[in-house]
Each structure stands twice: as structure tokens, then as C-alpha cells.
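1. this is a predicted model, with the sequence first.
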Amino acid sequence: MIWFDLVTPKSVMFFRSMIAEIKQRQIEVLVTAREGKGYHEVVELLELHNIPFFNRGTFGGADLGDKLRASIDRQLSLMEFVQEHDVHKLVCLCSVDANRVAFGLGIPIVNFYDIPLSDHRTNFRKALPQARLTLPLSNKAFRPFMVPEEIFQRFSLEPDQIYSYPFLDVVAWLHDFEPDREYFLQVLRNYGLDSDKPTIVIREEEFKASYVMKKYPILYEALEKLRTLIDTNIIIVPRYEAEPLEAMFPYAAVLKEKMVVQHLLAFADLFIGGGGTLNSEACYFGTPTISTRSFICHYDKFQIDKGLMHKADTPQDVIDLAVKLIGKRNGNHKQIFGDMQCDIPWLVDRILE
């Protein structure tokens, strides 16, 4: 049995095809997840994609003490649960709790990770806490091509434990995705938005994550001014609770139900995001994309260098870039992403061997 611990929305999307491939080979799969107060995205995505799972433990929130307590409790819960099953291997995106449990129980660990540092060079002062707590425990580790192998070696891995794959992570679930304009228009109708106006989709930074130092105000300040300059629909994809965003931005449509947000990203006239995954998805579709993230990691740098994404460091940067870019789709996204081959059977072979 192969154990997947899926604790972020991205991990659900990234491993969806691999889980299906493993099941197709008649190998049992065990999926664990977590949720918490105001944090239900992972569970909602698993349900949306009909992936059976077991909820074990909770998300600790922004406070470090609460985060540590939730992690310790979850490790105990996972340990007791996993011991009831015949688990041969753990696969995850560097889940701290699952790594600790698997290591303690002698279960081989396969980690995938595209963001070991909050930096696009090799500055280990910017190593993410999650990477420090997981990568050294890996039996195998997979990296996308733009993250230097040197970084994984400095996390104490030998070269023959490190595997490279030739694509940005979003290609794993978008390469066979067909955007549906009618789906996009139906969302506009459901939220009372005008389909004749341009549409800006917004995503906050993951400010409760351990690798983000604080809640930066760039996006929030810019949005207030931007709406006075451009007559547009504004759709916010909440990362945590929707209610505070509704109070803060009464003129915006804050999505409440889980949906296939990729349809929105594909047909939006502009995407402004503080994270990584939705930014990359918007780039994949050629949608003009502004990053308000507080740092630039390796895959951010790749997309910026290719002209797929633009970095804003101040509210005025966001406004200037938004006015300049809205509605101007990127012309070379198909060539850039089309050259990236995502071979799921090859990845599964490497996981299982």
C-alpha cells in the first residue's frame, strides 16, 4: 500500500493523476488529509475530485504555538492510524507530520518539492522550515528542472537519491485540462457580474504559512485604488475564511463554494496573486499575471524571466502593471509549457521501484 498525505490544495492536484495510475496498477492507495477552522480547501478539493481519504488532525493556523501543537497531535493521530495499515511507502509534497511519522516507523519516504527556499538563488538562510524538517529524511526526492540539484544535496541527499522532472508542477494537472468558457460565464452570472466587463481574479498570499513572515498589505491597498481606475469585475478566491474578505471588499465577488477555479484563470483578463500555484496556473493559460508574493522562488524566477509573470513590490507597482497588462494575453505560453513533457507512468515507476 502506498500512503499519500495531502495537506495542501496543490498536493491534491499534483498527485491526482499519480494516485489514479497507481490504482490502475492494482496497488492499494491510502490518502490522509487535514482541515481546521477556516481551512477546508484540501478536503473540498478531494471531494470535488472523488478521491477517497481519511481526515487525520487539523491545520494549526497562523500562530506558531498553535501550529506546533496541532502538528504534534496530528503526528500521534497519523502514527496510530498508519500502524493499522500495511504501508510500504509514503509519498507527499514534504508533509512534515507524515515525514516524521514515516521516518519513526521505518517507512521509506518519497518527497516532491519545488520550493525548498524562499529565494531563487542558493541562500540557505532562506531555507523553508518545511524543507529543513523533511528533505533530509527522504529516501528519494524529486525536483522540477529549475531548482538546482545542489540545493537538494545540501539537504544531505546523495545524487542518486535525487530525481529531476522536466516541467513546472502545474503541468501535472493542466496538460489534459480543457478550459470551458461557459463555466466561466456561469460563475459570472451566479455572482451577478457583467460579462461585458473585464474580469480580474485575485488570490491572497498564504500568510498563515510558516514561510511567510507576516500579512503584507500590498494587494489589499492596491485593490482599493485599482477599482477606481478600471471598471472591472473583481473575483477573489479565498485561501482561508471568506467572511473577512467580504467585509473588506464589498465591491468584489468572494467565492464561497469550491469550484474548478482553472476555468476562471483561463478566461480572466488579469490575475493578481500572492501565492505560487494559481499564479503558475494563470501563466499556463497565457493570462497576464502579477505576483505580489513577498519573495521570489526558483519557479517564480523562471516564469518572470520568460515574461509570463510580473513582480510587484508596492501597491503602485500593482496598479501600474494592472493598467498596462489587463486584457493583453501572453503569446508564448503555449510554446513554453508545450515543451514540458509530463510522464506520469515514468514518475510512478520511479516512486515504486
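-> Nice, thanks for sending it over.

2. what residue ranges in this protein are flagged as low confidence?
-> Judged by pLDDT under 70, the chain has its weakly predicted residues at 207-216.

3. what's the longest strand in it?
-> strand 29-35 (DSSP state E).

4. walk me through which strands that strand pairs with, and which way each runs.
-> According to DSSP bridges, strand 29-35 forms sheet pairs with strand 2-5 (parallel), strand 54-58 (parallel).

5. after it, which helix or strand is next?
-> helix 41-48 (DSSP states H and E).

6. on that earlier part again, of the strands paired with strand 29-35, flag the one that's most buried.
-> With neighbours defined as mean count of other C-beta atoms under 10 Å, the strands paired with strand 29-35 peak in mean count at strand 2-5, which reaches a mean of 25. Any C-beta I mention is one placed from the backbone N, CA and C, and that applies to glycine too.

7. who touches it?
-> 11, 15, 19, 22, 27-33, 78, 82, 85, 87-92, 95, 97-98, 102, 107, 351-352 (C-beta atoms under 8 Å, 6 or more residues apart in numbering).

8. so which residues make contact with stretch 260-269?
-> 48, 174, 177, 179-181, 183-184, 187, 198-201, 232, 235, 237, 255, 271, 278, 281-282, 285, 287-288, 326-327.

9. mind redoing it with 6 Å?
-> 177, 179-181, 183-184, 198-199, 201, 237, 281-282, 285, 287, 326-327 (C-beta atoms under 6 Å, 6 or more residues apart in numbering).

10. returning to what we had before: buried ones among the contacts of strand 2-5?
-> Neighbour counting by 16 or more other C-beta atoms under 10 Å classes 11, 15, 19, 22, 29-33, 78, 82, 87, 89-92, 95, 97-98, 102, 107, 351 among those as buried.

11. in helices only, show me those.
-> Here DSSP state H is the test, and those give 11, 15, 19, 22, 78, 82, 97, 98, 102, 351 as lying in helices.

12. got the residues you listed as TSV, with distance to residue 304 columns?
-> Below are those laid out as TSV (distance: C-beta to C-beta, whole Å):
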residue	distance to residue 304
11	24
15	27
19	32
22	35
78	37
82	40
97	33
98	32
102	35
351	31
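
13. for those, which one is nearest residue 145?
-> Nearest to residue 145 among these: residue 351, at 18.2 Å, using C-beta to C-beta.

14. name the nearest residue to the closest one, ignoring sequence neighbours.
-> Leaving aside its chain neighbours, residue 351 sits nearest to residue 110 (5.4 Å; criterion: C-beta to C-beta, 6 or more residues apart in numbering).

15. show me what the helix or strand where that neighbour lies is packed against.
-> Using DSSP H and E, residue 110 maps to strand 109-112. Packing contacts for strand 109-112, counted by 3 or more C-beta pairs under 6 Å, 6 or more residues apart in numbering; DSSP states H and E, involve strand 140-144.

16. which neighbouring elements make contact with the strand it packs on?
-> Secondary elements touching strand 140-144 (3+ C-beta pairs under 6 Å, 6+ apart): strand 109-112, strand 162-165.

17. again, only using 10 Å
-> Applying 3 or more C-beta pairs under 10 Å, 6 or more residues apart in numbering; DSSP states H and E, we find strand 140-144 packed against strand 89-92, strand 109-112, helix 149-154, strand 162-165, helix 298-305, helix 344-352.

18. can I get these in CSV including distance to residue 4?
-> As requested, the helices and strands packed on strand 140-144 are exported to CSV (distance: least, C-beta to C-beta, whole Å):
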stretch, distance to residue 4
strand 89-92, 5
strand 109-112, 10
helix 149-154, 21
strand 162-165, 17
helix 298-305, 22
helix 344-352, 10
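
19. ok but residue 244 is inside a helix, no?
-> Yes - counting by DSSP: H, G, I helix; E, B strand; the rest coil, residue 244 falls inside a helix.

20. can you give me the neighbour number for it?
-> A total of 12 residues lie near residue 244 under the criterion other C-beta atoms under 10 Å.

21. kindly report the same for residue 174.
-> By other C-beta under 10 Å, the burial measure for residue 174, its neighbour count, is 22.

22. who's in contact with it?
-> Residue 174 makes contact with 13, 167, 168, 262, 265, 266, 280, 281, 284, 285, 337, 342, according to C-beta atoms under 10 Å, 6 or more residues apart in numbering.

23. now residue 27
-> Counting by C-beta under 10 Å, 6+ apart, residue 27 has contacts 1, 2, 21, 88, 89, 348, 352.

24. mind checking how far the first one is from residue 48?
-> I take that to be residue 1. 24 Å (C-beta to C-beta, to the nearest Å).

25. you'd agree residue 171 is up against residue 280?
-> Yes - the pair residue 171 and residue 280 passes the contact test of C-beta atoms under 10 Å, sitting 9.1 Å apart.

26. more neighbours: which of the two?
-> Remark: of residue 171 and residue 280, residue 280 carries more neighbours, 27 against 19, as counted by other C-beta under 10 Å.

27. how about the nearest residue to residue 331 once chain neighbours are set aside, secondary structure?
-> Nearest in space to residue 331, with sequence neighbours left out and distances taken as C-beta to C-beta, 6+ apart, is residue 286 at 7.2 Å. Assigned with three-state DSSP, residue 286 falls in the coil class.
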